[in-house]
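[1] Here is my input, please return the structure:
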Amino acid sequence: MLDTIFDSTTNATGVTIPAVTSIHNLIVCLVIAVLIGVLNALVFSFRSQHSKSFSLTMALLPMTIAIVIMMVNGNVGTGIAVAGSFALIRFRSIPGTAREIAAIFTTMALGLTIGMGYVMIAIVFFCFEASLTLILTVVGFGGGAARLKKQLKITLPENFDYNGLFDDIFKKYTKKAELIQVRTTNMGTLYELTYAVTIPQNQMPKEMIDEIRSKNGNLNVILGDFEWHEML
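    Numbers count the residues shown, from 1 in each chain. Here you go, the predicted model:
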């Protein structure tokens, strides 16, 4: 019954019959898409921390992309409508890292390949990219395994001279510190200094923050990650 409904819907629109037309083949492709999505999420989570929602998205995205591609196969009008719908989607959550963006693009590519019916190509591509990702992560490609680049924001009263004020602290706790932005806040009564600091991965920054607070009048000190567009 389901096979008949599926086939009649495809034929009634005059669309070229997709590579996946039977319910059996459809289920097989979706199962493979989910398995590849889960494995790909595990690969990109290796020695890297991600949120639970991001990992779940990585696992389900190939299946979603695959079913969309199956449904619009050969129908230009439907394809344009789907493209318009995707254009309305915006990321409302916390910006991700460059690694997370690469993971999303890789996951979408896998879903597109499976949706077009090239399951073996998707499997080969996954094996290749997963092996390469794991190898580069293990060897610490790019130096990310030894150091962490962080964004440090320090608030100062307007009557403080910030030039060289924290040099001794940066020399003690960081590998490199660079002042990248100065702006006024609170109607011009405060300065907010933004530094790019590189610290050892096993370094606990609490002592550094405490020493900074002793010099900035115990005002705000924020140490965190850069937004993804600042890291690219």
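
[2] so where does the residue positioned nearest the centre of the chain fall, helix or strand?
    Compute the mean C-alpha point of the chain, and by C-alpha atoms, centre = their mean the closest residue is E100, 2.0 Å away. Using DSSP states H and E, E100 falls within helix 98-115.

[3] Quick check: next helix or strand after that helix?
    Next helix or strand after helix 98-115 toward the C-terminus (DSSP H and E): helix 119-138.

[4] Residues contacting that following helix, please?
    Residues outside helix 119-138 that contact it (C-beta atoms under 8 Å, 6 or more residues apart in numbering) are 28-29, 32, 36, 39-40, 43-44, 46-48, 106, 109-110, 113-114, 142, 145. (Each C-beta comes from the backbone N, C-alpha and C, glycine too.)

[5] quick one: it to chain centroid distance?
    In this view, helix 119-138 has its centroid 18 Å away from the chain centroid, taken as C-alpha atoms, centre = their mean, to the nearest Å.

[6] Check stretch 50-65 too.
    With C-alpha atoms, centre = their mean, you get 11 Å for stretch 50-65.

[7] got a list of contacts for that stretch?
    30, 33-34, 36-38, 40-41, 44-45, 93, 96, 100, 103-104, 107-108, 110-112, 114-115.

[8] returning to what we had before: tell me which of the contacts of helix 119-138 fall in helices.
    Applying DSSP state H to the contacts of helix 119-138, the entries found in helices are 28-29, 32, 36, 39-40, 43-44, 106, 109-110, 113-114.

[9] Can you select the buried ones among those residues for me in PyMOL?
    Of those, the buried ones can be selected in PyMOL as follows, counting by 16 or more other C-beta atoms under 10 Å:
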select buried, resi 29+32+36+39+40+43+44+106+109+110+113+114
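
[10] Could you single out the nearest of the ones in helices among the contacts of helix 119-138 to Y195?
    F44 (29.1 Å; C-beta to C-beta).

[11] What separation is there between that closest one and I209?
    30 Å (C-beta to C-beta, to the nearest Å).

[12] Extract the C-alpha trace of the helix holding E100 and format it as CSV.
    Only the C-alpha atoms of helix 98-115 are listed here, as CSV (Å, rounded to 0.1, in the frame of the first residue of the first chain):
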residue,chain,number,x,y,z
ALA,A,98,35.3,26.9,13.1
ARG,A,99,35.5,23.2,13.9
GLU,A,100,31.8,23.1,14.4
ILE,A,101,31.1,24.9,11.2
ALA,A,102,33.3,22.4,9.3
ALA,A,103,31.3,19.6,11.0
ILE,A,104,28.0,21.0,9.8
PHE,A,105,29.2,21.4,6.2
THR,A,106,30.6,17.9,6.2
THR,A,107,27.3,16.5,7.6
MET,A,108,25.3,18.3,5.0
ALA,A,109,27.5,16.9,2.2
LEU,A,110,27.0,13.4,3.5
GLY,A,111,23.2,13.9,3.6
LEU,A,112,23.2,15.4,0.1
THR,A,113,25.2,12.4,-1.3
ILE,A,114,22.9,9.9,0.3
GLY,A,115,19.8,11.7,-0.8
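
[13] who's in contact with it?
    Contacts of helix 98-115 (C-beta under 8 Å, 6+ apart): 29, 32-33, 36-37, 40-41, 44, 48, 50, 54, 57-58, 61-70, 73, 96, 119, 121-122, 125-126, 129, 228, 231-232.
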